[in-house]
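*Asks:* Structure for this input, please:
(one chain, ligands or ions: 1)
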Amino acid sequence: MTHPSFETKIVHHKQDQSQVHNSKTTPIYQTSAFTFKDLDHLESYYEGESPYLYTREKNPNTDELAGTVAELEGAPSGVASSSGMSAILAGILAAVEPGGHIVAAEDVYGGTHKLLTKELPSFGIDVTMVSFNDLDEVEKFIQPHTHLLYTESISNPFLRVEDLKGLSSLAQKHGLKTMVDNTFATPYLVQPYEYGVDLVVHSATKYIGGHSDVTCGVLVGSEALISKASQKIVTLGANLSPFEAWLTQRGAKTLALRMKQQSANAKSVAEALREHNGVKKVFYPEYVSERGHGAIVTIELNESVDVEAFFKSLGWIKIAPTLAGVQTTVSYPVRTSHRALSESEREKIGVNDYVIRLSIGIESGEDIIHQLKSTIDTSIK
Ligand SMILES: *Cc1c(COP(=O)(O)O)cnc(C)c1O
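*Replies:* I've put the predicted structure just below:
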């Protein structure tokens with residue numbers, strides 16, 4: 001066990017140093033710019049002595065959040081941005097030059113799939129989407145102009161757990177960089193940077209924020225790559241607002257507690273639904289970390305279940321096209337996260353009309369199981 005442990009670090013991260021009134025939490029620096037008392041003071045900014053000039057470039061709240069996530073991931077540097085998507089774009093543009101090529105996992109988040117296949121070509125970046133089930137197969141798609149391998153630590157919606165060690169050694173062998181979306185696992189369960197992954201990205205909209213009240217991204221990695229990515233965020237105007245950074249930072253303080261409870265609940269839900277006659281398959285990772293296996297459970301209902309009726313009988317559980325909040329919610333990948341994919345693309349990865357993704361919350365595990373079982377029972381035809 002290393003000290004301080006994750007649970008301690010998350011509430012005693014590097015505090016903002018410029019507090020004038022010794023406030024216990026960092027104030028919100030809701031300002032678009034910073035002022036200077038004279039030209040020497042202004043000059044000191046450009047010499048790197050005074051950190052802040054203009055919020056789009058840098059702000060104490062966004063810095064605090066980025067620093068916290070970097071510390072939890074064990075990475076030297078981090079940057080926050082307006083969304084998971086902008087953090088992904090900034091990371092890719094920092095790691096891949098125009099004319100470069102990416103080999104990416106075909107089961108990445110729907111928005112990422114769209115970014116990679118529909119937008120990156122106009123940046124002069126080529127992408128090949130392949131199954132990452134077998135890294136020996138992935139190796140066959142590496143070309144002379146390949147710069148980056150892109151994947152997720154836990155995939156969506158079937159929760160395939162990436163072999164991060166294997167990924168890093170494959171990249172090393174070919175002199176490539178690696179980038180991993182760690183949104184589903186969070187640094188509480190997995191720290192890809194420790195495995196040699198170059199860039200780790202989060203939709204902090206999900207577990208890091210944790211309360212479904214903010215849209216936010218964080219990217220962490222080496223000083224050199226993060227400095228390049230930060231420049232992209234500044235120039236593209238993809239910066240995070242101080243208030244949203246502050247909210248995310250506040251949510252992050254309970255990440256360890258939430259993940260512990262949500263993972264334990266998810267494990268019991270997976271076990272209970274495996275026994276249910278309305279459920280054909282339960283997807284839940286066998287092993288992610290000694291702390292738990294994540295808080296998402298995906299099920300494929302039996303054809304005996306009326307899916308429309310299922311979504312009408314959820315009781316206190318809400319339908320939400322997102323995940324990771326403190327409340328248990330369900331989503332329907334065919335109609336939300338995987339809507340942009342063609343039917344044949346969906347079929348290839350196994351997303352059919354009976355697949356439902358459960359994002360398990362912090363409620364009583366027994367209540368969640370009770371509600372889900374009764375929902376399925378009432379929807380059997
Ligand atoms: C939600 C999500 C994203 C996109 O993040 P936004 O904050 O919505 O921009 C990227 N990757 C994964 C795994 C996600 O779940």
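*Asks:* Worst mean pLDDT across the helices and strands of this protein, which element?
*Replies:* Within the chain, judged by mean pLDDT, DSSP states H and E, the helix or strand with the poorest mean is helix 343-349; its value is a mean of 82.
*Asks:* need the strands for the chain, in chain order.
*Replies:* Secondary structure of the chain by DSSP state E: the strands cover 77-81, 101-105, 126-130, 146-152, 177-181, 199-203, 217-221, 279-283, 296-301, 318-319, 329-331, 355-359.
*Asks:* any idea which of these is most buried?
*Replies:* Ranked by average neighbour count under the criterion mean count of other C-beta atoms under 10 Å, the strands of the chain are headed by strand 217-221 at a mean of 31. Using the backbone N, CA and C atoms, a C-beta is placed for each residue, glycine as well.
*Asks:* Now do that strand: which elements does it pack against?
*Replies:* helix 60-73, strand 77-81, helix 84-95, strand 199-203, helix 223-236 (3 or more C-beta pairs under 8 Å, 6 or more residues apart in numbering; DSSP states H and E).
*Asks:* quick one: the first one near the ligand?
*Replies:* Just to be clear, that refers to helix 60-73. No. Residues of helix 60-73 contacting the ligand under C-beta under 6 Å from any ligand atom: none, with a closest distance of 13.5 Å.
*Asks:* Next: the last one.
*Replies:* No. With C-beta under 6 Å from any ligand atom as the measure, helix 223-236 is seen stopping short of the ligand, the closest distance being 13.2 Å.
*Asks:* now do the third one
*Replies:* Yes. Figure legend: helix 84-95 in contact with the ligand (C-beta under 6 Å from any ligand atom); contacting residues 84-85.
*Asks:* any idea of the angle that helix forms with strand 126-130?
*Replies:* Using axes from the mean of the first three to the mean of the last three C-alpha atoms, to 10 degrees, the interaxial angle of helix 84-95 with respect to strand 126-130 works out to 120 degrees.
*Asks:* Check which helices and strands helix 84-95 is in contact with.
*Replies:* For helix 84-95, the helices and strands in contact under the criterion 3+ C-beta pairs under 8 Å, 6+ apart are strand 77-81, helix 110-114, strand 146-152, strand 177-181, strand 199-203, strand 217-221, helix 223-236.
*Asks:* Show me what from the protein comes close to the ligand.
*Replies:* Taking C-beta under 6 Å from any ligand atom as the test, the list of the chain residues beside the ligand reads 83-85, 109, 111-112, 152, 156, 181, 183-184, 203, 205-206, 215, 217.
*Asks:* please redo it, this time with the cut-off set to 8 Å
*Replies:* Counting by C-beta under 8 Å from any ligand atom, the positions of the chain adjacent to the ligand are 83-88, 108-109, 111-112, 152, 156, 181, 183-184, 201, 203-206, 215-217, 322-324, 337.
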